[in-house]
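Asks: Dropping a prediction and its sequence here:
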Amino acid sequence: MGTTPRPLAANYLRSLVVPRPRGAVDLPRRRVEQHGVRVDPFRLAAWSRLCGYPLRSRLPLPYPHLLGFTAQVQLLVSEPFPFRLLGLVHVAQEFTQHRPLPVEAELEVSVRAVAMAPHRRGAVVDLVTEVRAAGDGAPAWRGVSRYLAPGARLPGAVPPAEADPPAPGPGAAVGRWRVGASTGRRYAEVSGDVNPIHLAAPAARLLGFRRALAHGLWTASRSLAVLDGRLPDAVRADVRFKAPLLLPATVEHRHERVPEREGGGWRTAVRSRDGARTHLLTRVTPL
Amino acid sequence: MTAPTPPPRTTRAVRPVAVVAGNRTPFAKAGGRYAQASAKDLLVAAVDGLVARTGLAGERLGEVVAGAVLKHSRDLNLTREAVLSTALDPATPAFDVSQACATGLETAVLLAGKIALGQVDAGIAGGADSASDAPIAVDEGLRRVLLALNRARTPGARLKALAGLRPGQVVPELPRNAEARTGLSMGEHAARTAAHWGVSRQAQDELALASHRNLAAAYERGFFDDLVTPYLGLRRDGLLRPDTTPAKLAELEPVFGRDLEAPATMTAGNSTPLTDGAAAVLLATDEWAAEHRLDVLAHLVDAQTAAVDHVHRGEGLLTAPVHAVPVLLQRNGWTLDDLDVVEVHEAFASTVLATLAAWEDEEFCRERLGLDGPLGRVDRAKLNVAGSSLATGHPFAATGARILATTAKLLAERGGGRALISICAAGGQGIAALVEA
């Protein structure tokens, strides 16, 4: 049975005051559902400009994630997870698009937790967001967000870490991004993800970072926007968030085609200009 | 060492230029459904729709030519940047054109020239404009201060540059629909031409009504099914009023020409409003079309631009096509009577009517156009039969490609014939083209 999410700010507050359970917990059985969801054209346009997408009649590959974000937060604060919302680290994201969603469609969004596992730095949970056009049988879009709760403990052995997708090689196309100090605030405004670590350096310092960080999803979306127009309708992007991107920054984007014998598609990376730090790796595969 | 013998100079035959397909976004009133879309977004949508319909994804075309009238300084490579967002091969070159409202047709003429000369086998021409997303410039004084500041190399020079700052400079410059030389709006210019030719309010309203009815009927019979791709949820032109009536049009207050002695006749109903949209046409050689299993709608035969002196001789700002068309017809041995389809861009209903009146006027045709007598009469039953700018709206640079695609399809639909396109433009310019199928 689905429930309707509360406003986002209320959930952030709630996450600070409601006590979290200790020890072993079951996966929440609930799914948070929203019906009659409509894309706000102003928000879509602002998001597209910020991430480098043109405004099309179909939603950009990462965009449906935004429609499920409020529900994700709702699930994270209302279910007995052994961790708090603030402090969660987005470590991986998968976007699967079976067919593009039209911007004007009435949509159904559902979010549920599918897996929770111990991790060498704490525990991880996978939240699955599915978006379908109202009346459609199968979801057109599916997102899997993997969050790490550093320090959280779950019983059981730590499963072996998944290998990162290979980075683009030395011959890959290069782009340089000048990422402004306000990128976090601007992305917070369009995405609703107002986690203080993205907003300003003082707030980020309270939470252990020297400066404000770019949202991982901004970096991922900006990277996927480079491939816009080059991807088939049915496509999957597997994104790994590596090191945080401290703002402001000038970073290097690399992307290259993957040979058909390795599955085709593309791989991309966002790295510091000296190449010392990798912020993000993606593998984009046609379905 | 002796230089190699140059190859013999050859005269290549001029090749016929086929209009193969067209596509546009539905047009929307400024500030409406496309309020958040840029001209580039719109151009991408129009070209991508055309590419999808013709199965050209991944194709490397000879060239894409387009433009926008309201253009941001950051969009210096508008068309090339748009191409990179489309499904076309990124190795497709592109260039921008600007000729005010003639832009869309001029892009097609330029591309057609390259195709005819054998420089290009196939390409896309078009245009896009967003009146909603219009560029806003900083005050001219502030711009000069900032440029001086950028040049300054010493603290003293920087201070001197900053001393040029004035409070009034914070007010930005908004684009205005005013002629650079006269300061009059296009509507005010058109009202003067309408008064000169004695174009009545009733005749203008009748033309506007016909435009809406013709466009609505064309949509109803599916004429635009392969010429328009929905964009951002809009499926038909947002300005189309299928149920408008003579009474409704007659109620509207005149908005232009109220300072003239003659009665003011131009209203919001018989003038085009600011519009957002984009249009594109695919041009190619017949061989290229056949190789790609695409039918040819019609051929772009010839084109002619003209300009009038609206500054010093007081000629009607939008009357340049009056001069372009006779030259074009004469060069090709056509007359108005040979035409099966006539498309005269409806910047204002009065512009169309003044143009037709001029061609019927013996004295004007003798003295100003250098003809032996009147150019002739345009059969109104052949004029703008699928609606025109009064009903679709007029995103400046998109209009030419909209009209060319519509014209080519009208000819293909009737199984052949001859067509004339006439488009007026700011700056006292105009363009005309002949199409045949």
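Replies: Done, it's in. Numbering: from 1, shown residues only, chains lettered A, B, ... in the order given.
Asks: mind giving me the domain split of chain A?
Replies: A:2-150, A:173-286 (automatic domain parsing).
Asks: wait, does the shortest one contact chain B?
Replies: Right, the one you point to is domain A:173-286. Yes - counting by Cβ under 8 Å from any Cβ of the partner chain, chain B is contacted by domain A:173-286 at A:228-230. Heads up, the C-betas are built off the backbone N, CA and C, glycines and all.
Asks: quick one: terminal-to-terminal distance for that domain?
Replies: Domain A:173-286 has an end-to-end distance of 20 Å (criterion: Cα to Cα, to the nearest Å).
Asks: buried stuff in stretch B:23-34?
Replies: By neighbour count on 16 or more other Cβ atoms under 10 Å in any protein chain shown, the buried set for stretch B:23-34 is B:23-30, B:33-34.
Asks: So for residue B:143, which of the domains of chain A sits nearest?
Replies: Minimum separation from residue B:143 across these (Cβ to Cβ) falls at domain A:173-286, 22.8 Å.
Asks: and the residue in the stretch 151-287 of chain A that chain B sits nearest to, how many residues sit next to it?
Replies: Chain B sits closest to residue A:229 of the stretch 151-287 of chain A, with a gap of 5.0 Å, by Cβ to the nearest Cβ. For residue A:229, the neighbour count with other Cβ atoms under 10 Å in any protein chain shown is 19.
Asks: check contacts around it.
Replies: Residues in contact with residue A:229 (Cβ atoms under 8 Å, 6 or more residues apart in numbering or on different chains) are B:48, B:84-87.
Asks: Kindly report the residues of the stretch 1-150 of chain A close to chain B.
Replies: Counting by Cβ under 8 Å from any Cβ, the stretch 1-150 of chain A sits next to chain B at A:41-42, A:44-46, A:54-57, A:102-104.
Asks: please redo it, this time with the cut-off set to 6 Å
Replies: Residues of the stretch 1-150 of chain A lying close to chain B by Cβ under 6 Å from any Cβ of the partner chain are A:41-42, A:45, A:54-55, A:57, A:103-104.
Asks: Could you identify the most distant pair in the residues you listed?
Replies: Greatest spacing in these, by Cβ to Cβ: A:54 and A:104 (16.7 Å).
Asks: Those two: which has the busier surroundings?
Replies: The neighbour comparison of residue A:54 against residue A:104 (other Cβ under 10 Å) goes to residue A:54, with 24 against 15.
Asks: So residue B:351 lies in a helix, does it not?
Replies: Yes - in this structure, residue B:351 lies within a helix as judged by DSSP: H, G, I helix; E, B strand; the rest coil.
Asks: Apart from its chain neighbours, what residue comes closest to it?
Replies: Of all residues not flanking residue B:351 in the chain, residue B:318 sits nearest, at 4.8 Å (Cβ to Cβ, 6 or more residues apart in numbering or on different chains).
Asks: Can you tell me the SS state at the one you found?
Replies: Strictly by three-state DSSP, residue B:318 counts as coil.
Asks: Likewise for residue A:285?
Replies: Here residue A:285 is strand, with the state taken from three-state DSSP.
Asks: quick one on the thing from earlier: the closest residue to the residue of the stretch 151-287 of chain A closest to chain B other than its chain neighbours: what's it in contact with?
Replies: Closest residue to residue A:229 apart from its sequence neighbours, by Cβ to Cβ, 6+ apart: residue B:85 at 5.0 Å. The neighbours of residue B:85, taking Cβ atoms under 6 Å, 6 or more residues apart in numbering or on different chains as the test, are A:54, A:229, B:44.
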